[in-house]
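In: Could you look at this predicted model? Sequence included:
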Amino acid sequence: MELYLPIAELSINPIIFLILGMLVGILSGMFGVGGGFLMTPLLVLLGIPPAVAVASEANHIVGSSLSG
């Protein structure tokens with residue numbers, strides 16, 4: 001099963017995103033840093049354009065801030 005990301009023009013397996021999210025969550029909790037610090041470079045390594053990766057993490061920050 002592939003997940004197509006139209007803005008990034010990329011198809012990727014969603015399991016990779018789940019594993020990546022779990023890994024970033026564990027590391028963020030251990031080191032006390034925000035997830036964007038780790039997730040943005042990893043998204044770029046997966047082939048997502050840097051502008052899309054930064055914009056995605058900016059949206060995650062807004063969502064986290066609104067949720068408390």
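Out: Alright, I've got the coordinates.

In: would you list every one of the helices in this structure?
Out: 14-31, 35-45, 50-67 (DSSP state H).

In: any idea of the mean pLDDT in the first one?
Out: For helix 14-31, the per-residue pLDDT values average out at 89.

In: List of residues touching that helix?
Out: By C-beta atoms under 8 Å, 6 or more residues apart in numbering, the residues outside helix 14-31 that reach it are 1, 3, 34-35, 37-39, 42, 46. Using the backbone N, CA and C atoms, a C-beta is placed for each residue, glycine as well.

In: can you rerun that using 7 Å?
Out: For helix 14-31, the surrounding residues in contact (C-beta atoms under 7 Å, 6 or more residues apart in numbering) are 1, 3, 34-35, 38-39, 42.

In: Neighbours of the residue nearest to His60 when sequence neighbours are not counted, how many?
Out: Distance criterion C-beta to C-beta, 6 or more residues apart in numbering; nearest residue to His60, sequence neighbours excluded, is Gly36 at 6.5 Å. The number of residues packed near Gly36 is 19, by other C-beta atoms under 10 Å.

In: Please apply the same query to Ile61.
Out: Ile61, neighbours per other C-beta under 10 Å, totals 13.

In: Once you drop chain neighbours, what's closest to Ile48?
Out: In space, Ile48 is closest to Ala8, 4.7 Å off (C-beta to C-beta, 6+ apart).

In: and if you look at Gly47?
Out: Among residues not flanking Gly47 along the chain, Leu10 sits closest, at 5.7 Å (C-beta to C-beta, 6+ apart).

In: measure that neighbour to Asn59 for me?
Out: Leu10 sits 18 Å away from Asn59, going by C-beta to C-beta, to the nearest Å.

In: ok, the two, which is more surrounded?
Out: Leu10 (15 against 10).

In: Could you check the pLDDT of that one?
Out: 84.

In: Gly68 too?
Out: Gly68 is given a pLDDT of 65.
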